[in-house]
Each structure stands twice: as C-alpha cells, then as structure tokens.
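**Q** model the following, please.
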Amino acid sequence: MRRLLSFWRDQRGAAVVEMAFIAPIIGGMAAVSFAVWDVASRQQDMRAALDVGTEYYMGGGASDEVARTVALEAWRHAPQDAQVTSERLCRCGVATAVCTSMCENGAPPSVYVRLTASGSEADAMFLQQQSAERIVRVR
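**A** Now for the predicted structure:
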C-alpha cells in the first residue's frame, strides 16, 4: 500500500504531461494566427495596388486601361485569378447622369472612376474571395 501511495504522490514528470496537453493548443493557435495574418496582408496588398491606380488618375492620367494595368502590376502577391476592373460614373450634383450629356445647368457632369480589384485565395484552412474598390473623381 505504501508503494501505491508513494507512486500517487510522486510529482516527477508532471510538467511533461502538462506540456503534452498544452502544446497542440499552442500550435493550433499559432497556425490560425498565421493564416489570419496572411489573409490580412494580402488584402492590404490589394488595397495598396488600388491606391496606385487612383494615384495615376490624380497625377493627371486619363486612360482606364493604363490605370488597370498599373494597379495590377502594383499588386504584390496577386492570386492567379487577380483582376482589376474600371467603371466610369457620371453625376450632376447627386443625380446619376449620362456621361455624354450636359447637366441641367449647362455644365459637364462630374466624372468618377471606380476601380475594383478581386481574386480568390486558396489557403490550407479556407478559400476566400477578396474584393476591394476605390472611387476617384477624374473631372
């Protein structure tokens, strides 16, 4: 009976058993943290590329094709299906207008360009569709 009691009171190896329980949890948390960081980093890369495209317009550029190309080339770590699209929007005040017509007051409409970037990321944990857009006034 004494040997049985001394076996139960022996604390040697307790730290190893505790570590065996805790190590998988710490490893899992590290893997999830890395995956979240990676997704956020790629989203930031996409937004930075769109910023480069809008800076093209703010610097005096007028070609939508060039803006799309500049943004796509600036997109670091772009996914395989990465694409940047542009769309022109015209407004007379707050009302949507046709870009080729004049506003009621005789002035040309304000012209905006919407740049949209999209792509899908396949990670070990999940597949995520990413998308972001920027709108810049060009006239």
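
**Q** do a quick rundown of the helices in this protein.
**A** Assignment of helices within the chain using DSSP state H yields the ranges 2-9, 14-58, 64-74.

**Q** which one of the ones you listed lies nearest to A132?
**A** helix 14-58 (5.2 Å; CB to CB). Placement of C-beta: from N, CA and C, glycine included.

**Q** from A40, how far off is V138?
**A** To A40, V138 is 30 Å away according to CB to CB, to the nearest Å.

**Q** any stretches of this structure with poor pLDDT?
**A** In the predicted model of the chain, residues 123-127 satisfy pLDDT under 70.

**Q** can you tell me which strand in it is longest?
**A** Longest strand in the chain, counting residues (DSSP state E): strand 110-122.

**Q** that one vs helix 64-74, what angle?
**A** Inter-element angle recorded for strand 110-122 and helix 64-74: 30 degrees (by axes from the mean of the first three to the mean of the last three CA atoms, to 10 degrees).

**Q** can you tell me which residue is nearest the centre of the chain?
**A** By CA atoms, centre = their mean, the chain has its centre lying nearest to Q43, at 1.6 Å.

**Q** wait, that residue sits on Q129?
**A** No: using CB atoms under 8 Å, Q43 makes no contact with Q129, being 11.3 Å away.

**Q** D64 against Y112, yeah?
**A** No: D64 is beyond contact range of Y112, at 11.9 Å (criterion: CB under 8 Å).

**Q** now do the shared contacts for these two.
**A** Common neighbours of D64 and Y112 (criterion: CB atoms under 8 Å, 6 or more residues apart in numbering): R88.

**Q** residues touching G106, list them.
**A** Contacts of G106 by CB under 8 Å, 6+ apart: none found.

**Q** count the residues that sit near V70.
**A** V70 has 21 neighbouring residues, counting by other CB atoms under 10 Å.

**Q** quick one, phi psi at the nearest residue to P108 once chain neighbours are set aside?
**A** In space, and not counting its chain neighbours, P108 is closest to M102: 6.1 Å by CB to CB, 6 or more residues apart in numbering. Backbone geometry at M102, expressed as degrees, to the nearest 10, gives phi -90, psi 160.

**Q** shift numbering so it begins at 47
**A** From this message on, residue numbering opens at 47, which makes the last subject M148.
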